[in-house]
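Undergrad: Here is the input, now give the coordinates:
(chains A and B)
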Number of protein chains: 2
Amino acid sequence: MLEYCEGMGSKSTTRRADALRSIEAIEQAAAECLGRNPDASLSEIARAAGVGRVTLYAHFTSRAEVVDAAMSRAIDRGNEALDAVDLTGDPLLALARYVEAGWHLVDQARALLVAAQKELSAGRIRELHSGPVARVETLVARGRAEGVFRTDLPIAWLVNVLHTIMHSAAEEIRAGRLTSDRAADHITATVLAAFTPPGKPVPEPGGAA
Amino acid sequence: MLEYCEGMGSKSTTRRADALRSIEAIEQAAAECLGRNPDASLSEIARAAGVGRVTLYAHFTSRAEVVDAAMSRAIDRGNEALDAVDLTGDPLLALARYVEAGWHLVDQARALLVAAQKELSAGRIRELHSGPVARVETLVARGRAEGVFRTDLPIAWLVNVLHTIMHSAAEEIRAGRLTSDRAADHITATVLAAFTPPGKPVPEPGGAA
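TA: Down below sits the predicted model:
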């Protein structure tokens, strides 16, 4: 009986390990394929993951689920990258550092975001971004407490403005109206002005120090 | 022969008038149905237009074409409404008037915009907005010439910032994080700050006069 159970356990463990490997491969392939082409098909993703379509459909019931997993994975990786960004000290400089790092993440993920906007609700996309949102909320609250950022608009609105402008820069680049190398400067200059309290001067570029 | 041709002409005229009436009814129904529910089906739209599905498919080959026509119609109506907005005088006040009017149009069309984002490319949505974009470009250029708006960022970027923030307000409302009555104030306060030249003070709310 014990041996039988161990046998089952071992087979079951192998099956689970196989399943986890497949899921991991599919999620990684989805993030890569959709990151190159938002209209990449599930067949392409299965092929890139080295699994059959049947295996893909065994783990993901719809294209939306695959896109959700890919987006979730990209945001987890983004959150790890943002862990390395120093958001302490002068709030203006901290915000500029956040934009510089966050912008590169958005830039890399812009095709994936197009796929997400087609398949997922705005609410779900927002939910997936709760990690980055929480970071900026904390920074904005501190900047307000220090009198550097405006208090006449809600924190949630200011955070929305920042992320909206970062994402719109990705669309401006796709439209050929902005180059990647200028995006961080444009976003920072715009957001620092947008966050300035009424009656106070807009910070000069690079003058935040 | 002449009579025969006249007969043909008359029948053809009737046929064309019928077709134009159907198209007009479908476009109007599409704008209304998609304006209430971005996922409204083509069957619902045909029913609301008082035409059969076959007639709808005779004039529109895809859902994307129907959405495009509905969006185009809403923007044409919006352009007519914007014709009534005075964009002369103090650029700060002119921009506030544009936001007040434009915001209501965006607010009314927000479900339709969701449908458009699902069906149309970002490039096509931008193209459909060329009328409103041209108005703001002219206003921003004048504000820059008068020293009121910043010149360190391109006009195209500033126009993008304005429309991006207006549209994001629509999403904030759908998410239950902003109320319609506060949206115009939030947008105006944010955009006037974002457009302020570095080193100059952000205008006080209502202090633009």
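Undergrad: okay, CA-based contacts and neighbour counts for the rest of this
TA: Fine.
Undergrad: how far out from the middle of the chain is the helix or strand hosting A:His104?
TA: Per DSSP states H and E: A:His104 is located in helix A:91-108. Distance of helix A:91-108 from its chain centroid, counting by Cα atoms, centre = their mean, to the nearest Å, is 12 Å.
Undergrad: What are the buried residues along it?
TA: Residues of helix A:91-108 classed as buried: A:91-107 (neighbour count, 16 or more other Cα atoms under 10 Å in any protein chain shown).
Undergrad: what's the model's confidence in it, averaged?
TA: What helix A:91-108 shows for mean pLDDT is 91.
Undergrad: which ones are touching the residue nearest in space to the middle of chain A?
TA: Nearest to the centroid of the C-alpha atoms of chain A, with distances taken as Cα atoms, centre = their mean, sits A:Ile75, at 3.7 Å. Contacts for A:Ile75 were tallied using Cα atoms under 8 Å, 6 or more residues apart in numbering or on different chains; they are A:Leu128, A:His129.
Undergrad: Just say helix, strand or coil for it.
TA: Using DSSP: H, G, I helix; E, B strand; the rest coil, the structure places A:Ile75 in helix.
Undergrad: for A:Gln108, what are its contacts?
TA: Contact analysis of A:Gln108 by Cα under 8 Å, 6+ apart lists A:Gly35.
Undergrad: The one 4 residues further on now?
TA: When contacts are counted by Cα under 8 Å, 6+ apart, A:Leu112 touches A:Ala31, A:Leu34, A:Gly35, A:Arg36, A:Asn37, A:Pro38, A:Val67, A:Ala70, A:Met71.
Undergrad: out of these, which are buried?
TA: Judged by 16+ other Cα under 10 Å, buried ones among these: A:Ala31, A:Leu34, A:Gly35, A:Pro38, A:Val67, A:Ala70, A:Met71.
Undergrad: part of a helix, is the fifth one?
TA: Yes - with the criterion set as three-state DSSP, the secondary structure at A:Val67 is a helix.
Undergrad: so it touches A:Ala115, yeah?
TA: Yes - if you go by Cα atoms under 8 Å, A:Val67 and A:Ala115 touch, sitting 6.9 Å apart.
Undergrad: what sits in contact with each of these two?
TA: A:Leu34.
Undergrad: Need the single longest helix in chain A, by residues.
TA: Secondary structure of chain A read by DSSP state H shows that its longest helix is helix A:2-36.
Undergrad: just checking, next helix/strand downstream of that one?
TA: Using DSSP H and E, the helix or strand that directly follows helix A:2-36 along the chain is helix A:42-49.
Undergrad: which strands and helices sit next to that next one?
TA: Packing partners of helix A:42-49 (3 or more Cα pairs under 8 Å, 6 or more residues apart in numbering or on different chains; DSSP states H and E): helix A:2-36, helix A:53-59.
Undergrad: just to revisit the earlier point, got a markdown table for the contacts of A:Leu112, with pLDDT and distance to chain B too?
TA: As requested, the contacts of A:Leu112 are arranged in a markdown table below (pLDDT from 0 to 100; distance: Cα to the nearest Cα, whole Å):
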| residue | pLDDT | distance to chain B |
| --- | --- | --- |
| A:Ala31 | 93 | 20 |
| A:Leu34 | 94 | 16 |
| A:Gly35 | 90 | 17 |
| A:Arg36 | 91 | 16 |
| A:Asn37 | 92 | 13 |
| A:Pro38 | 90 | 12 |
| A:Val67 | 96 | 15 |
| A:Ala70 | 94 | 19 |
| A:Met71 | 94 | 17 |
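Undergrad: Which of the helices or strands spans A:Glu204?
TA: Here A:Glu204 sits in a region with no helix or strand, counting by DSSP H and E.
Undergrad: In stretch A:175-194, which residues are buried?
TA: Applying 16+ other Cα under 10 Å to stretch A:175-194 flags A:178, A:180, A:183-194 as buried.
Undergrad: got a list of contacts for it?
TA: A:92, A:95-96, A:99-100, A:103, A:107, A:161-162, A:165-166, A:169, A:172-173, A:202-203, A:205, B:123, B:153, B:156, B:190-196, B:198, B:202.
Undergrad: Name the nearest residue to A:Gly78, sequence neighbours excluded.
TA: Closest residue to A:Gly78 apart from its sequence neighbours, by Cα to Cα, 6 or more residues apart in numbering or on different chains: A:Leu105 at 6.2 Å.
Undergrad: burial measure for A:Gly147, as a count.
TA: The tally of other residues near A:Gly147 (other Cα atoms under 10 Å in any protein chain shown) stands at 13.
Undergrad: That should have said A:Phe149, apologies.
TA: Applying other Cα under 10 Å, we find 26 residues neighbouring A:Phe149.
Undergrad: shouldn't A:His59 be in contact with A:Glu24?
TA: No - A:His59 is beyond contact range of A:Glu24, at 10.7 Å (criterion: Cα under 8 Å).
Undergrad: At the contact with chain B, which residues of chain A appear?
TA: Residues of chain A lying near chain B by Cα under 8 Å from any Cα of the partner chain: A:117-118, A:122-123, A:153, A:156, A:160-161, A:164-165, A:168, A:171, A:175, A:177, A:186, A:190-205.
Undergrad: before we move on, back to that, state the distance from the residue nearest to the centre of chain A to A:Ser10.
TA: 34 Å (Cα to Cα, to the nearest Å).
Undergrad: Save the buried residues of stretch A:175-194 as a markdown table, and put in distance to A:Pro132, pLDDT and secondary structure too.
TA: Formatted as a markdown table, the buried residues of stretch A:175-194 follow (distance: Cα to Cα, whole Å; pLDDT from 0 to 100; DSSP: H, G, I helix; E, B strand; the rest coil):
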| residue | distance to A:Pro132 | pLDDT | secondary structure |
| --- | --- | --- | --- |
| A:Leu178 | 24 | 91 | coil |
| A:Ser180 | 21 | 86 | helix |
| A:Ala183 | 19 | 93 | helix |
| A:Ala184 | 17 | 92 | helix |
| A:Asp185 | 20 | 94 | helix |
| A:His186 | 20 | 96 | helix |
| A:Ile187 | 16 | 96 | helix |
| A:Thr188 | 16 | 96 | helix |
| A:Ala189 | 20 | 96 | helix |
| A:Thr190 | 19 | 97 | helix |
| A:Val191 | 16 | 97 | helix |
| A:Leu192 | 18 | 96 | helix |
| A:Ala193 | 21 | 97 | helix |
| A:Ala194 | 19 | 97 | helix |
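Undergrad: Dump the residues you listed to a markdown table, plus distance to A:Gly131.
TA: Converted to a markdown table, the buried residues of stretch A:175-194 look like this (distance: Cα to Cα, whole Å):
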| residue | distance to A:Gly131 |
| --- | --- |
| A:Leu178 | 27 |
| A:Ser180 | 24 |
| A:Ala183 | 22 |
| A:Ala184 | 20 |
| A:Asp185 | 23 |
| A:His186 | 24 |
| A:Ile187 | 20 |
| A:Thr188 | 20 |
| A:Ala189 | 24 |
| A:Thr190 | 23 |
| A:Val191 | 20 |
| A:Leu192 | 21 |
| A:Ala193 | 24 |
| A:Ala194 | 22 |
